[in-house]
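Peer 1: Sequence unavailable; structure follows:
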């Protein structure tokens, strides 16, 4: 709760309950506890944000292309 970081933060799993001034890059799960304060853009894959946490910046979640299930054509399916 008393911790303060000035600068860029990069990690796979980040738990914040203090202050970060700078951009945050989290490749997996970012947890923002109630006393978390971030001033800067936040890039995350998954986000858990508790009531009271504040972010002053842009939240950015990567738009991964989802795999599309392709069905066999009716002609191929009838031969199975």
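Peer 2: That came through fine. Being a predicted model, the structure only gives us computed values, none of them experimental.
Peer 1: going forward, measure contacts between C-alpha atoms and count neighbours the same way
Peer 2: Noted.
Peer 1: distance of residue 44 from residue 62?
Peer 2: 7 Å (Cα to Cα, to the nearest Å).
Peer 1: In terms of neighbours, single out the busier of these two.
Peer 2: Set side by side, residue 44 and residue 62 show more neighbours around residue 44, with 19 against 10, by other Cα atoms under 10 Å.
Peer 1: Would you mind confirming that the more buried one is in contact with residue 26?
Peer 2: Yes. The pair residue 44 and residue 26 passes the contact test of Cα atoms under 8 Å, sitting 4.7 Å apart.
Peer 1: give the contact list for residue 10.
Peer 2: With contact taken as Cα atoms under 8 Å, 6 or more residues apart in numbering, residue 10 is in contact with 24-26.
Peer 1: Reformat the residues you listed into CSV and put neighbour count, pLDDT and distance to residue 49 next to each item.
Peer 2: As requested, those are exported to CSV (neighbours: other Cα atoms under 10 Å; pLDDT from 0 to 100; distance: Cα to Cα, whole Å):
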residue, neighbour count, pLDDT, distance to residue 49
24, 22, 98, 14
25, 19, 97, 15
26, 20, 97, 14
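Peer 1: mind listing which of these are in strands?
Peer 2: When the contacts of residue 10 are checked against strands (DSSP state E), the matches are 24-26.
Peer 1: Tell me how many other residues surround residue 55.
Peer 2: When neighbours are defined as other Cα under 10 Å, residue 55 has 16 of them.
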